[in-house]
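**Student:** what shape does this take:
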Amino acid sequence: MLKVATVCSGIGAPEKALTNLGIPYELACFSEIDEAAIKSYCAIHGVERSKNFGDLTEVNKKPVPLDIDLLVGGTPCQSFSTAGKGEGGDEGSGTRSSLMWSYLQFIAISKPKVVVWENVPGVLSQKHLHNFRRFYFMLLAYGYNVYSEVINAKYFNVPQNRERLFVIAIRKDIDYGFEFPTGYDSGVRLKDILDDNVQSQLTEEILKNAVVEKPYLWGNTHYIIRCGELNWTNYRQDNIIISVEGIAACLLCSNDATHGVKIYDDRDKNNPIIRRVTSLESFRLMGFADDDYDKCRYKVVNGNKANNVKEADLYVQAGNSIVVTVLMAIFGTLYGVADWEERVYKERLKTPEQLIYELPLFNFLEQGRDAS
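**Tutor:** Residues are numbered from 1 along each chain as shown. Down below sits the predicted model:
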């Protein structure tokens, strides 16, 4: 049984991934300071608050669990992200992204067998690369072999364009090499995870200048299909309207209804609407199950459902999380789970032969045959 710890835990994507893979684990601790996120974490995973390490910056003031097999942390990315202020994550700067150095202290004390760190690719930009290099070389100095890769969640059975940098550090005394899983287009699209009869959360004032054009669809739709403009703000990602025939843009961690992924939901041709994806749909885009959402959103009091976590907070929690299916692929590869692909792709699993026939050369030959 793996002894597992997570930091900046959010709603516990690593724990959910291990559960989905059938990998038994013992939770040494999780670390979270947001009250709503703590509620959601405990509800999803059925653990007590006593397991919460709390503020990661107090790593030198509290006993850190030892003998950890797997430590996972997606430290805050806002200060590295192009969607943020670009403040960076220099040690001692006090920015949210500087928590990466507290995470490094946790690693130095606990010396886990395997470390996973997730962040935005922006940390590799010229402005922030010095932080990544130092983080990387400190892991080497602590006795780890380090592997890194930018992975897009859209290749792991969720219809979301979400690129993230993953760093896998394996202690040299147990390392036998690691190769990142590659994934593929499973065919899932935004329209496949949407609920029916959803009302728009956008006000008439926001919608009054909206422009929608029917997108020209051909062949592969495994990308963000822009089909309109809200003309509401100067922030590009808040303005674009996306076709449900493609995939979603990257979810943001915002509780403001004017922010986030906007879609032109025209599945009902008689009543097409422009709307924001719901908090439940956001959970689905991160690889969580509807049951996980229900556990967070509601609690049972005297036999009746009552609100547990506000819907606005659930938007933030989804945007802050790591995509569960990506972690399933990484953990499945790391721990030799033979059927991890079946568990990730489910009914959309493709055989090696199917994947070969989807290569560009075969697509070209097939198109040529159809034309003749």
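
**Student:** rest of the way, CA atoms for contacts and neighbours
**Tutor:** OK.

**Student:** in this protein, which spans are strands?
**Tutor:** Taking DSSP state E as the test, the strands found in the chain are 2-7, 25-31, 70-73, 114-119, 144-152, 163-171, 211-212, 226-229, 240-243, 262-265, 273-276, 298-301, 304-307.

**Student:** got TSV for those strands, with mean neighbour count, mean pLDDT and distance to residue 344 too?
**Tutor:** Shown next, in TSV, are these (neighbours: other Cα atoms under 10 Å; pLDDT from 0 to 100; distance: least, Cα to Cα, whole Å):
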stretch	mean neighbour count	mean pLDDT	distance to residue 344
strand 2-7	23	97	21
strand 25-31	19	97	19
strand 70-73	24	96	19
strand 114-119	22	95	19
strand 144-152	19	97	14
strand 163-171	21	97	18
strand 211-212	14	94	34
strand 226-229	20	94	28
strand 240-243	26	95	25
strand 262-265	24	95	26
strand 273-276	21	94	26
strand 298-301	13	80	27
strand 304-307	12	79	31
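
**Student:** as TSV, those strands with distance to residue 57 would be great.
**Tutor:** Output for these, formatted as TSV (distance: least, Cα to Cα, whole Å):
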stretch	distance to residue 57
strand 2-7	11
strand 25-31	10
strand 70-73	14
strand 114-119	17
strand 144-152	23
strand 163-171	21
strand 211-212	47
strand 226-229	41
strand 240-243	38
strand 262-265	36
strand 273-276	35
strand 298-301	31
strand 304-307	31
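
**Student:** count of neighbours near residue 214?
**Tutor:** 11 (other Cα atoms under 10 Å).

**Student:** tell me which residues touch the nearest residue to it once chain neighbours are set aside, please.
**Tutor:** Closest residue in space to residue 214, ignoring its immediate chain neighbours: residue 227 at 6.2 Å, by Cα to Cα, 6 or more residues apart in numbering. With contact taken as Cα atoms under 8 Å, 6 or more residues apart in numbering, residue 227 is in contact with 212, 213, 214, 215, 240, 241, 242, 243, 264.

**Student:** residue contacts, residue 66?
**Tutor:** Here residue 66 is in contact with 109, 110, 111, 112 (Cα under 8 Å, 6+ apart).

**Student:** is it true that the third one touches residue 65?
**Tutor:** Think residue 111. No - with contact defined as Cα atoms under 8 Å, residue 111 does not count as touching residue 65 (9.8 Å).

**Student:** who has more neighbours, the two?
**Tutor:** The neighbour count for residue 111 versus residue 65, taken as other Cα under 10 Å, is higher for residue 111 (21 against 17).

**Student:** quick one, what contacts that one?
**Tutor:** Residue 111 sits in contact with 66, 67, 68, where contact means Cα under 8 Å, 6+ apart.

**Student:** the stretch 201-350 of the chain: helices as residue ranges?
**Tutor:** Ranges of helices within the stretch 201-350 of the chain are 204-207, 236-239, 279-285, 290-297, 311-320, 324-334, 340-345, based on DSSP state H, counting those that start in this stretch.

**Student:** hang on, residue 3 packs against residue 29?
**Tutor:** No - if you go by Cα under 8 Å, residue 3 and residue 29 don't touch, sitting 9.4 Å apart.

**Student:** pLDDT weak spots in the stretch 201-350 of the chain?
**Tutor:** 255-258 (pLDDT under 70).

**Student:** for residue 150, give its distance to residue 166.
**Tutor:** Using Cα to Cα, to the nearest Å, one obtains 6 Å as the distance from residue 150 to residue 166.
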